[in-house]
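>>> I would like to see how this sequence folds:
(one chain, ligands or ions: 2)
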Amino acid sequence: MTNQDIRAEAERRASDRTDQEIIRKTLEEGVQTAWDRFALQQPQCGFGQLGVCCNNCAMGPCRVDPFGGKTSHGVCGADVDTIVARNLLDDLCVGAAAHSDHGREVVEVLLKTAEGEAQGYRITDTEKLKLVAAEYGIATEGRDNLDIARELAIGILEEFGTLKNRLQLSERAPEQTREIWRKTGIMPRSIDREIVEAMHRVHMGVDADYVNLLLHAMRTSLSDGWGGSMAATECSDILFGTPTPVTSVTNLATLSHDKVNIVLHGHNPLLSQVIVNTAEEPEIKKMAEDKGVKGINLVGMCCTGNELLMRSGIPIAGSFLDQELAIATGAVEAMIVDYQCIFPSVPATAGCYHTKVITTSTKTKIIGSIYMEFNPENAVDTAKEIIRLAIENYPNRNRDRVRIPERPMKVMAGFSEETIRKALGGTYKPLIDAIVAGKILGCVGIVGCNNPRIKQDHGHITLAKELIRRNILVVETGCAAIACGKAGLLVPEAAELAGEGLASVCKLLGIPPVLHMGSCVDCSRILVLAANIAKELGVGIGDLPIGGAAPEWYSQKAISIGTYFVASGVYTVLGIPPKIFGSQNVLNLLAEGVKGITNSAFAVEPDPMKTADLLEAEINRKRKALNI
Ligand code: SF4
Ligand code: MSK
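Ligands and ions are numbered 1, 2, ... in the order given. The predicted model follows:
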């Protein structure tokens with residue numbers, strides 16, 4: 001490739017200048033990344049893309065003809081609707097399980113903290129502890145915080161397989177929304193139960209009714225959003241603090257030339273937050289000094305990065321497609337991973353440089369990495385060991401191969417639901433007034449990942465810019481938030497890009513027009529935000545002038561998030577087509593039929609400008625129905 005070709009290819013792959021610089025380096029050095037593997041996989045299987053391939057049993061795999069030819073049924077007789085709906089439920093269930101299992105681990109650490117068995121943890125947000133405990137009917141008056149935490153943790157853990165058939169946190173939804181769930185039979189009963197039942201239903205010879213399958217998909221997703229994910233968020237807040245506005249920096253320029261770079265990647269803050277706290281200890285600083293190192297530079301990646309940014313202002317190096325690029329700077333001593341969204345290729349990329357990849361969860365072992373098991377009982381010891389290993393690896397950095405881009409981008413994050421409410425003076429009335437007055441048209445949550453199918457961050461940034469220009473407030477989580485951070489949209493100055501009405505509100509409050517609300521499990525913060533606004537207005541979530549979008553999603557977790565948004569009443573536009581286009585019935589139900597149930601639906605639109613049109617039209621429809 002000529003230099004010109006390399007430059008053009010880098011610009012085709014990513015939007016951000018620092019990403020492009022390191023993509024050029026990977027192309028020059030011949031280091032393989034997801035974009036290269038994606039190109040090598042072309043053409044990808046058309047049956048798979050349409051969702052009409054079933055590999056559920058040993059009579060298959062069966063690829064059915066979506067146009068009704070001779071092979072319109074699998075060996076068992078399953079038709080295209082059953083196969084597409086079953087595959088979708090299967091994918092969604094994996095995503096819900098990932099979020100909820102993450103949630104369970106956080107609650108377990110809360111329990112161990114309460115029992116004095118966890119090293120380096122404490123109850124940080126006692127106010128939230130008491131508020132959530134009160135929701136569970138736990139007495140708080142005059143009681144020791146650890147006692148309350150113990151009872152609360154047991155109460156939440158019990159909901160993973162509860163006999164009571166109800167999730168306490170789902171009662172945060174407005175009654176109108178809950179009534180829809182009740183009437184439709186999609187009220188989530190417990191977290192594990194919905195996931196297990198989904199697995200049962202996709203077994204050959206169980207559910208063969210696409211409507212029934214999709215309704216259970218909704219119920220399973222609700223047990224994630226209003227169950228497992230919400231438990232993860234609330235218990236992380238109790239342990240590490242509820243986020244408040246914080247400023248920091250983002251992009252690959254956050255890596256340091258003269259400090260030990262440690263990248264914290266994955267989703268769960270349980271170990272990474274302890275690493276952040278431990279890195280401040282004098283013993284660790286001395287360890288670095290003794291090795292002639294100027295200090296330790298901790299940076300986040302993906303949602304672990306979002307958790308650390310939100311609570312501790314730790315710089316965030318990048319999102320999903322940046323994990324290989326960070327290593328390819330040649331400046332990373334260690335990449336610590338917990339789970340989810342970790343490319344299995346990461347140790348191979350690290351093998352091209354001096355980087356050590358350290359896996360820490362029994363659930364995520366990757367051949368070629370170093371395994372240092374994290375347990376809450378020895379979290380601080382593990383954190384110290386990890387930092388020591390990174391410091392010792394610093395002399396192995398080959399300075400001739402290091403390239404770190406310049407100029408990190410400033411970001412403001414930390415917009416938990418509590419913080420937003422507080423900024424408005426403790427009630428949503430000022431926001432509601434601004435919406436009624438038309439200064440703000442509505443609100444859209446942009447969430448989800450990167451996907452090499454489209455130029456990295458292009459969908460997130462274009463959509464966010466267009467929405468704020470149209471006076472629509474944007475809230476974000478996950479890689480969407482990181483994308484907009486890299487693009488300079490997460491600072492109060494970005495209000496200049498917003499329409500007049502939204503800009504005036506942002507300037508008054510000193511907030512950006514795009515609010516970073518956290519990690520993927522923190523999409524539950526968006527649910528609570530919507531629920532509280534709806535309750536203040538006395539309507540259901542489905543009546544609000546709001547929407548959701550996942551312009552660059554790739555993950556099964558995103559399917560669960562999108563579905564619990566829609567099941568909760570939030571119209572949601574996907575930028576990447578889900579694998580359902582083989583079944584017209586499934587498509588019709590998700591894009592139209594569901595409107596009659598939740599007053600919301602899915603849409604698929606790859607063009608972010610057209611996505612903005614769809615969302616604005618939906619917001620106007622809801623405004624009209626509310627007479628505003
Ligand atoms: Fe084929 Fe039916 Fe088995 Fe799926 S469950 S692989 S469609 S026989
Ligand atoms: S990390 S799930 S790529 S948002 Fe949550 Fe990013 Fe998607 Fe992973």
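>>> Using the record's assignment, carve this protein into domains.
75-240, 246-401, 416-625 (automatic domain parsing).
>>> Next, see if the first one gets close to ligand 1.
Read that as domain 75-240. Yes. Contact between domain 75-240 and ligand 1, assessed by C-beta under 6 Å from any ligand atom, occurs at 75, 76, 78, 83, 204. Just so you know, the C-beta spots here come from the backbone N, C-alpha and C atoms, and that holds for glycine as well.
>>> Dump the domains of the chain to a markdown table, plus mean neighbour count.
Formatted as a markdown table, the domains of the chain follow (neighbours: other C-beta atoms under 10 Å):
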| stretch | mean neighbour count |
| --- | --- |
| domain 75-240 | 21 |
| domain 246-401 | 21 |
| domain 416-625 | 23 |
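>>> Including mean pLDDT, could the ones you listed go into TSV?
Supplementary listing: the domains of the chain in TSV, determined by pLDDT from 0 to 100:
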stretch	mean pLDDT
domain 75-240	97
domain 246-401	97
domain 416-625	98
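>>> Kindly reformat those as TSV containing distance to residue 8.
What follows is the domains of the chain, written out as TSV (distance: least, C-beta to C-beta, whole Å):
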stretch	distance to residue 8
domain 75-240	35
domain 246-401	18
domain 416-625	12
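>>> got JSON lines for those domains, with distance to ligand 2 too?
Conversion of the domains of the chain to JSON lines gives the following (distance: least, C-beta to the nearest ligand atom, whole Å):
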{"stretch": "domain 75-240", "distance to ligand 2": "8"}
{"stretch": "domain 246-401", "distance to ligand 2": "3"}
{"stretch": "domain 416-625", "distance to ligand 2": "3"}
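>>> Can you check which of the ones you listed gets nearest to residue 48?
Shortest distance between residue 48 and the domains of the chain, using C-beta to C-beta, is found for domain 416-625: 6.8 Å.
>>> Any idea how far apart the tips of that closest one sit?
29 Å (C-alpha to C-alpha, to the nearest Å).
>>> Are it and ligand 1 in contact anywhere?
No. Using C-beta under 6 Å from any ligand atom, domain 416-625 stays clear of ligand 1, with a minimum separation of 12.6 Å.
>>> next one: that domain to chain centre, how far?
When C-alpha coordinates are averaged (C-alpha atoms, centre = their mean, to the nearest Å), domain 416-625 and its chain have centres 14 Å apart.
>>> quick one: contacts for the spatially most central residue of the chain?
Nearest residue to the geometric centre of the chain (C-alpha atoms, centre = their mean): residue 520, 1.9 Å. The contact partners of residue 520, by C-beta atoms under 8 Å, 6 or more residues apart in numbering, come to 99, 229, 267, 303, 447, 477, 478, 557, 558, 561.
>>> would it count as being in a strand?
No. With the criterion set as DSSP: H, G, I helix; E, B strand; the rest coil, the secondary structure at residue 520 is coil rather than a strand.
>>> Nearest residue to it in space, please, no chain neighbours.
Distances taken as C-beta to C-beta, 6 or more residues apart in numbering put residue 478 closest to residue 520, at 4.7 Å, once the chain neighbours are dropped.
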